[in-house]
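> What follows is a predicted structure for the sequence shown.
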Amino acid sequence: MAVSVLTLLRGRHAHLRNLLKGLAQQTRRPDEVVICWMGEDPAADLPHLDDVPVRHVRADGDPMPLAAARNRAADTARGETLIFLDVDCIPSATLVERYESEMRERDALLLGEVLYLPAGAVADGPLDYGALDRDGRVHPAKPPIPSEGVREERDHGELWGLSFALRRDRYLSLGGMDERFTGYGAEETDFAARLGQAGVPVFWTAGARAYHQHHPVHVPPLHQFDSILANARRFHGKHGRWCMDYWLGQFRDAEFVRWSPEAVAIEVLRRPSEAEVHASRRGGEQLFS
């Protein structure tokens, strides 16, 4: 099956270069790479991938049009299998091979393991996968990955936007991501819910590891306060339940909102100040938001 690797970004050009370095070392090269630039033109001097075309597309809008960017990339792609890889992620050498191999056997959503790297873990020059394996940390909220093959995941909400694969015709048949979700949060959870409604199974996939390059995070994510609330309300309106409960709980505990999992609405008590947003930003020691 022809494979398209899709990524999207605004800024983080150094992370993109490392992602492309990883694609250059695949045991099974992708048939193409599609990069969707959100509100900016393609960067110059990107690493060259021998015999692998790199295609560029653009999605404009604020807040960041994450759902629309995924859709533009999928529309542009020509591969039968789509691998969505976050720009912050470096693929292990077997990621494309493992996703493509398992996709030949099933019409499903495939998820791969992601290890989180501390600040400074990725040096200039060639990638050192041994060092990435040594320095990377498993996300504490994620289940163990099978040592070989795949393992079915019954909870479609485990869809992890950092690294996943599915067939292009399946993605398009579901209408892609709902572009009414703008900015940060919920578009992937909404897509996961629709996958479940369509009866598409989900599998964790051995050997499809990626490494998340460090960037500062906010705890709680006050810099995305408005987008998270707007998208949580939109999701509740579609599905009758809340998503991003963890972050909504953080906002509630900090007395920015009045909310509970049983509530039918979110009441904003006050918006975070610029000083509070700045204070929520964590340094290199914080790997997870």
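That came in fine, so what should we check first?
> Now do the SS call for the closest residue to P126 other than its chain neighbours.
Spatially, and ignoring its direct neighbours in sequence, P126 is nearest to K21 (7.6 Å; CB to CB, 6 or more residues apart in numbering). Heads up, the C-betas are built off the backbone N, CA and C, glycines and all. State at K21, reduced to three classes by DSSP: H, G, I helix; E, B strand; the rest coil: helix.
> what residues are up against K21?
47, 90, 126-127 (CB atoms under 8 Å, 6 or more residues apart in numbering).
> what separates the closest residue to R29 other than its chain neighbours from S101, distance-wise?
Closest residue in space to R29, ignoring its immediate chain neighbours: V52 at 5.6 Å, by CB to CB, 6+ apart. V52 sits 18 Å away from S101, going by CB to CB, to the nearest Å.
> now R252
R252 is 44 Å from S101, by CB to CB.
> what packs against the longest strand seen in the chain?
Across the chain, the strand with the greatest residue count (assigned by DSSP state E) is strand 202-212. On a contact count with 3 or more CB pairs under 8 Å, 6 or more residues apart in numbering; DSSP states H and E, strand 202-212 meets strand 89-91, helix 95-103, strand 109-116, strand 150-153, strand 163-167.
> Turn these into TSV, columns for mean pLDDT.
Shown next, in TSV, are those (pLDDT from 0 to 100):
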stretch	mean pLDDT
strand 89-91	98
helix 95-103	98
strand 109-116	97
strand 150-153	98
strand 163-167	98
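> out of the contacts of K21, which are buried?
Neighbour-count burial (16 or more other CB atoms under 10 Å) applied to the contacts of K21 gives 90, 127.
> Which of the contacts of K21 fall in strands?
Counted as lying in strands by DSSP E, out of the contacts of K21, are I90.
> What is the nearest of the contacts of K21 to P140?
I90 (20.7 Å; CB to CB).
> what's that closest one in contact with, if anything?
Per CB under 8 Å, 6+ apart, neighbours of I90: 18-19, 21-22, 122, 127, 132, 210-211, 213.
> Of those residues, which count as buried by neighbour count?
18-19, 21-22, 122, 127, 132, 210-211, 213.
> Going by distance to E158, which of those residues wins?
The shortest gap between E158 and any of these belongs to A210, at 15.5 Å (CB to CB).
> contacting residues around that closest one?
Residues in contact with A210 (CB under 8 Å, 6+ apart) are 85-86, 89-92, 95, 112-115, 162-163.
> Please apply the same query to G39.
By CB under 8 Å, 6+ apart, the residues touching G39 are 10, 58-62, 64.
> Need those residues in TSV (columns: secondary structure and pLDDT).
Listed next are the contacts of G39 as TSV, based on DSSP: H, G, I helix; E, B strand; the rest coil; pLDDT from 0 to 100:
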residue	secondary structure	pLDDT
R10	coil	95
R58	strand	97
A59	strand	97
D60	coil	96
G61	coil	92
D62	coil	89
M64	coil	92
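> So what does the nearest residue to A254 once chain neighbours are set aside look like in phi/psi?
Nearest residue to A254 in three dimensions, chain neighbours excluded: P220, at 6.5 Å (CB to CB, 6+ apart). With angles defined as degrees, to the nearest 10, P220 sits at phi -70, psi 170.
> A69 and D62, how far apart?
12 Å.
> Who has more neighbours out of these two?
A69 (27 against 10; other CB atoms under 10 Å).
> Measure how far the helix or strand encompassing that one is from the centre of its chain, please.
For A69, the host element (DSSP states H and E) is helix 66-76. Centroid separation for helix 66-76 versus its chain: 13 Å, with CA atoms, centre = their mean, to the nearest Å.
> Each with direction, which strands does whichever helix or strand comes after that helix pair with?
Sequence-wise, the next helix or strand downstream of helix 66-76 (DSSP H and E) is strand 81-85. The pairing partners recorded for strand 81-85 under DSSP bridges are strand 3-9 (parallel), strand 163-167 (antiparallel).
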